[in-house]
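# A structural model of the following input is requested.
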Amino acid sequence: MTAHALLDEVVVDPSVLSAARRLCVPGQRCVLGIVGGPAAGKSTACAALQAALGEAAAGVPMDGFHLSQRVLDDLGRAQRKGAPDTFDALGYRDLLQRLRQAHEHGETVYAPDFNRALEEPIAAGIPVAPEASLVITEGNYLLLEDAPWPQIRAELDAVWSIDIDDAQREAWLLARHMRHGRSEDAAREWIAQTDAPNAARIAARAHQADRHLTWDGARLCFA
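Below you'll find the model as predicted:
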């Protein structure tokens, strides 16, 4: 797999798909979190699972709760974009709570998305229909121990961590930064100063996950 793998190239291992299907209970809504470091393939895994499960599943990224660039500039946090305090964590928690309540009342929820080309969140970009019994949400800090992140973990029925080799993940990360406009030198500097410290915090909590995923080429499987 590459950092920009086409979804039709991704294969979900039957054991992973079976475990996800067990979370799809008609008449109920479960929330599955997929956690991992920057460029671990979280969004690819989420999209592949959603495609395999069809209308039973919906995908909602934590990245929709990035603070806007203007807010980050005002707060003096733009050079740390992607760190835990550059997200609206409580807004994310509230969305997860609302997703459960809306399912009970048969309502569609419109969740925010994130446009990586613009590097900005996009409001109301993802409809989550009441028919979706499983919401798959992916993000970096689902297992972080610092407040208020444990409140997010409390809203998740299960968390699966994507565990891959750091060298491979950083190669995908470098390619992603360059694809979106950074020079190689600027991308490497950003990875060293911003992404690597964040990845270390994420890896330190990976043992708290319920299951562990990995990539075998383009195959998403349990580690």
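
# got the contact list for Pro38?
82, 140, 169, 173, 195, 198-199 (C-beta atoms under 8 Å, 6 or more residues apart in numbering). C-betas here are computed from N, CA, C, even on glycine.

# low-scoring stretches of the chain, by residue?
Applying pLDDT under 70 to the chain picks out residues 1-7.

# Can you report how many residues neighbour Pro14?
Close neighbours of Pro14, defined as other C-beta atoms under 10 Å, add up to 9.

# same question, Gly41
27.

# what do you get for Asn115?
With other C-beta under 10 Å as criterion, Asn115 counts 13.

# longest strand in the chain, by residue count?
Using DSSP state E, we find that the single longest strand of the chain is strand 120-128.

# Give me the distance between the residue positioned nearest the centre of the chain and Glu189.
Among the residues of the chain, the one closest to the centroid is Glu138, at 2.2 Å (C-alpha atoms, centre = their mean). With the distance defined as C-beta to C-beta, to the nearest Å, Glu138 ends up 26 Å from Glu189.

# any residues touching stretch 81-90, and which ones?
Applying C-beta under 8 Å, 6+ apart, the set of residues contacting stretch 81-90 is 38, 62, 65-67, 69, 72, 77, 80, 119, 140-141, 144, 146, 148-149, 151-152, 194-195, 197-198, 201.

# Quick check: end-to-end length of that stretch?
Stretch 81-90 has its terminal residues 17 Å apart, counting by C-alpha to C-alpha, to the nearest Å.

# Equivalent analysis for stretch 106-123, please.
Start-to-end, stretch 106-123 (C-alpha to C-alpha) is 21 Å.

# How far off centre is that stretch?
Relative to the chain's own centre, stretch 106-123 is displaced by 13 Å; criterion: C-alpha atoms, centre = their mean, to the nearest Å.

# Where is the longest helix in the chain?
The residue-count maximum for a helix in the chain (DSSP state H) belongs to helix 89-104.

# Just after that helix, pick out the following helix or strand.
As assigned by DSSP states H and E, the chain's next helix or strand after helix 89-104 is strand 109-115.

# same for that next one, what does it pack against?
Applying 3 or more C-beta pairs under 8 Å, 6 or more residues apart in numbering; DSSP states H and E, we find strand 109-115 packed against strand 57-61, helix 89-104, strand 120-128.

# Just tell me which of these ends up closest to Asp216.
strand 57-61 (21.9 Å; C-beta to C-beta).

# Show me what counts as buried in the closest one.
57-61 (16 or more other C-beta atoms under 10 Å).

# Next: stretch 130-145.
132-144.

# likewise stretch 145-162?
149, 152-153, 155-162.

# related to what we said a few turns ago, closest one of the buried residues of strand 57-61 to Ala47?
Gly59 (6.3 Å).

# Please consider this matter closed, and thank you.
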